[in-house]
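>>> Pasting a predicted model and its sequence here:
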Amino acid sequence: MQIGVAHGALGQRVDDQPQPLEAPVVLVFVADPTAWQDSNADIAELASRNGAWNPEFTAMFHSRSEFHSLRERGLLRENAMIAATYVMLAATGLGLSSAPMNGRDPDLVKQAIGIGDRDDLAIAVLVAVGYSDTTPPHPGRRPRNQAVFTEQYTTSRRTPLDFPRTQSPAIRCAGNRKVCG
């Protein structure tokens with residue numbers, strides 16, 4: 001019963017998008033911009049014990065240098081967005097559909113999930129997850145030469161083979177085997 005109420009409350013807070021009302025699960029990714037300031041020694045200890053982190057990485061983790069850099073650049077929501085991306089990939093791998101949602105009022109979403117009084121938290125993204133009853137048509141993509149660039153971003157939309165003449169054919173063709181053979 002409470003889940004239905006939460007879905008309804010959440011549905012009214014994302015510009016009446018249908019996903020929160022239709023999906024069995026809506027994940028709200030909340031970013032805590034100050035979480036990095038906590039010790040988190042348990043994470044480092046477990047990763048070190050499991051052989052996932054070497055001493056150099058563990059020292060970097062304890063120094064918090066990555067997070068200082070993210071804070072300075074205003075990117076502390078990035079980790080929540082990365083987590084949401086992996087959840088969507090995992091859902092697809094399990095045969096589920098997922099839809100990220102924006103166009104929401106973050107204060108209303110925070111109220112719907114019970115953190116309306118937490119000015120220190122930020123809503124990064126919402127992701128609806130469930131089994132789709134239809135297969136929506138693919139909206140299409142721009143051609144690769146309009147979306148993938150080498151060395152520098154350009155608005156000239158070079159074709160894949162318009163590389164500088166100083167490169168060898170092997171380098172020109174390394175990223176485009178279909179065209180180069």
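Thanks, I have it. Fair warning: this is a prediction, and the values are worked out from it, not measured in the lab.
>>> next helix or strand past the helix or strand hosting A91?
According to DSSP states H and E, A91 maps onto helix 78-93. Downstream of helix 78-93, the first helix or strand assigned by DSSP H and E is strand 97-101.
>>> Let me know the angle separating that next one from helix 78-93.
Between the axes of strand 97-101 and helix 78-93, defined by axes from the mean of the first three to the mean of the last three C-alpha atoms, to 10 degrees, the angle is 150 degrees.
>>> Just the residues contacting the helix holding A91, thanks.
L27, F29, V30, A31, L70, S97, S98, P100, A124, V125, V127, V129 (C-beta atoms under 8 Å, 6 or more residues apart in numbering). All C-beta spots, glycine's among them, are computed from the backbone N, C-alpha and C.
>>> Buried residues of that helix, list them for me.
Buried residues in helix 78-93, counted by 16 or more other C-beta atoms under 10 Å: N79, A80, A83, A84, V87, M88, A91.
>>> Dihedrals phi and psi, the nearest residue to the second one once chain neighbours are set aside?
Read it as A80. Nearest in space to A80, with sequence neighbours left out and distances taken as C-beta to C-beta, 6 or more residues apart in numbering, is A124 at 3.6 Å. Main-chain dihedrals, A124, degrees, to the nearest 10: phi -80, psi -50.
>>> A124 and N79, how far apart?
Plainly put, A124 is 9 Å away from N79 if you go by C-beta to C-beta, to the nearest Å.
>>> hey, what's in contact with both of those two?
Here A124 and N79 have A31 as joint contacts, going by C-beta under 8 Å, 6+ apart.
>>> Distance check, the nearest residue to A147 once chain neighbours are set aside against A84.
Nearest residue to A147, sequence neighbours excluded (C-beta to C-beta, 6+ apart): R141, at 7.1 Å. If you measure R141 against A84 using C-beta to C-beta, the figure is 21 Å.
>>> returning to what we had before: and the residue nearest to A147, what are its phi and psi?
Dihedral angles for R141 - degrees, to the nearest 10 - are phi -140, psi 160.
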